[in-house]
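*Asks:* I need the structure of the sequence given here:
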Amino acid sequence: MTGTPRIDRVVTSGTFSLDGGTWDVDNNVWIIGDDDDVVVVDAAHDAEAIQEAVAGRRVTAIICTHAHDDHINAAAALASATTAPVKLHPADDELWQRVYPGTTYQPLTDGEEIDVAGLTLKVLHTPGHAPGAVCLHIPELSALFSGDTLFQGGPGATGRSFSSFPTIIDSITDHLLTLPPDTVVHPGHGDTTTIGAEAPHRQEWIDRGH
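*Replies:* Numbers count the residues shown, from 1 in each chain. Purely as a prediction, here's the structure:
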């Protein structure tokens, strides 16, 4: 292990398509590790830009927080360039197959631990935005990588296929709001927040129902 473990962010731009609609989106791609080894969370849109940010370090895994196309559409190219495995919760297989028909990935499981650069990323299965949505908790860095499960201002969207508002509320309540309040939330889009900043608003989210 070389250097202090750190979190790098790359913002990539492209589109998200589901249920017959297409939207322009900016995605956060998170690179976690040290000067030697990293994992990439959500390889979105632009494999070359992600490789530039990796800067020659060894990619040990490409972790998908879920399989909406904007979060995985650079995963295969990045995996080919780095020989790193792609990891995804199998509950999102149908969404994955829409982008990469007939291909496979390494299945993620709830509670699984992924080690990189002296850090341990714990997989939390948090369905709701998508059936196979996961978050990654790193206690050593007081960090949570929430994909599209939790944002600054509330839960991820649940108005499209494969999603459920009651389920995402349960996931956030049971798995995320129980984390230390100073845990920094690094989402799939937009700015970071903290568990402590979001927790007091749970009832407001439920009251507005989205």
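
*Asks:* what about the helices in this structure?
*Replies:* Assignment of helices within the chain using DSSP state H yields the ranges 47-54, 69-72, 75-82, 93-99, 165-171, 195-198, 202-208.

*Asks:* quick one: Asp148 and Gly190 touch, right?
*Replies:* No: applying Cβ atoms under 8 Å as the test, Asp148 and Gly190 come out as separate, 10.1 Å apart. C-beta coordinates here come from the backbone N, C-alpha and C atoms, glycine included.

*Asks:* and those two? Which one has more around it.
*Replies:* Counting neighbours by other Cβ atoms under 10 Å for Asp148 and for Gly190 shows that Asp148 has the greater number, 28 against 13.

*Asks:* which of the helices of the chain sits most buried?
*Replies:* Among those, ranked by average contacts under mean count of other Cβ atoms under 10 Å, first place goes to helix 69-72 (a mean of 25).

*Asks:* what comes into contact with that one?
*Replies:* Contact with helix 69-72 is made by 14-18, 25, 27, 42-45, 64-65, 86, 88, 95-96, 98-100, 147-148, 188, as judged by Cβ atoms under 8 Å, 6 or more residues apart in numbering.

*Asks:* and Pro101, how many neighbours?
*Replies:* Counted with other Cβ under 10 Å, the neighbours of Pro101 add up to 7.

*Asks:* and the pLDDT at it?
*Replies:* Note for Pro101: predicted pLDDT of 98.

*Asks:* likewise for Glu140?
*Replies:* 95.

*Asks:* how about Gly3?
*Replies:* Note on Gly3: pLDDT of 84.

*Asks:* ramachandran angles for the closest residue to it other than its chain neighbours?
*Replies:* With Cβ to Cβ, 6 or more residues apart in numbering as the criterion, Gly3 has its nearest non-adjacent residue at 3.8 Å, and that residue is Asp35. Backbone torsions of Asp35, given as degrees, to the nearest 10, read phi -80, psi -10.

*Asks:* what's the neighbour count on the closest residue in space to Arg57 that isn't next to it in sequence?
*Replies:* Using Cβ to Cβ, 6+ apart and skipping residues adjacent in sequence, the residue nearest Arg57 is Val38, 5.0 Å away. For Val38, the neighbour count with other Cβ under 10 Å is 27.

*Asks:* ok, Val38 touching Ala55?
*Replies:* No: counting by Cβ under 8 Å, Val38 stays clear of Ala55, with 9.2 Å between them.

*Asks:* just to revisit the earlier point, and the pLDDT at the residue nearest to Arg57?
*Replies:* Val38 carries a pLDDT score of 98 in this model.
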